[in-house]
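Asks: A predicted structure for the sequence below; I have some questions about it.
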Amino acid sequence: MKKVEAIIRKSKFDEVKKALHEIEVNFFSYWDVTGVGNEKQGHVYRGISYSTTDIQRRYLVIVVSDDFLERTVNTLLDAAGTGNVGDGKIFVSDVMEAYRIRTKESGSAGIN
């Protein structure tokens with residue numbers, strides 16, 4: 001099993017969610033996060049432009065079986081990308097075990 005963590009533009013979240021559902025990745029968690037990076041975001045307040053390095057993004061955590069890893073990552077790359085600086089990052093790591101609390105199932109059964 002693999003854990004896929006993705007930091008994406010908030011504006012791309014609905015498109016990403018739909019694309020993940022289309023490949024039958026139906027269960028994942030997400031949070032709104034703030035980070036800093038190379039992209040600069042501008043804000044206008046009372047007619048004055050301000051530049052900030054604080055960037056609003058959405059953070060997704062998806063645990064998938066090894067069989068779903070490649071299609072999950074490719075779906076994220078396709079759906080979240082704009083080709084511009086600030087599209088985000090994807091990280092993949094191993095998951096040693098997963099458990100479903102309600103049924104006490106483990107392994108792949110614990111994530112499906």
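Replies: Nice, thanks for sending it over.
Asks: Report pLDDT for the nearest residue to residue 95 once chain neighbours are set aside.
Replies: Excluding its sequence neighbours, the residue lying closest to residue 95 (C-beta to C-beta, 6 or more residues apart in numbering) is residue 1, at 4.1 Å. All C-beta atoms are positioned from the backbone trio N, CA, C, and that covers glycine. Reading off the confidence values, residue 1 has pLDDT 95.
Asks: From residue 85, how far out is residue 27?
Replies: Residue 27 is 31 Å from residue 85, where distance means C-beta to C-beta, to the nearest Å.
Asks: Residue 13 and residue 58 touch, don't they?
Replies: Yes: judged on C-beta atoms under 8 Å, residue 13 makes contact with residue 58 at a distance of 4.9 Å.
Asks: one step back: for the residue nearest to residue 95, give me its contacts.
Replies: Residue 1 sits next to 63-66, 94-95, 97-98, 107-108, 111 when contact means C-beta atoms under 8 Å, 6 or more residues apart in numbering.
Asks: what do you get if the cut-off is 7 Å, keeping everything else the same?
Replies: Contacts for residue 1 were tallied using C-beta atoms under 7 Å, 6 or more residues apart in numbering; they are 63-66, 95, 98, 108, 111.
Asks: can I get those residues in a markdown table with pLDDT and neighbour count?
Replies: Output for the contacts of residue 1, formatted as a markdown table (pLDDT from 0 to 100; neighbours: other C-beta atoms under 10 Å):
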| residue | pLDDT | neighbour count |
| --- | --- | --- |
| 63 | 96 | 20 |
| 64 | 96 | 25 |
| 65 | 94 | 15 |
| 66 | 95 | 11 |
| 95 | 96 | 16 |
| 98 | 92 | 17 |
| 108 | 84 | 15 |
| 111 | 83 | 18 |
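Asks: Sort out which of those residues are in strands and list them.
Replies: Counting by DSSP state E, the part of these found in strands is 63-64.
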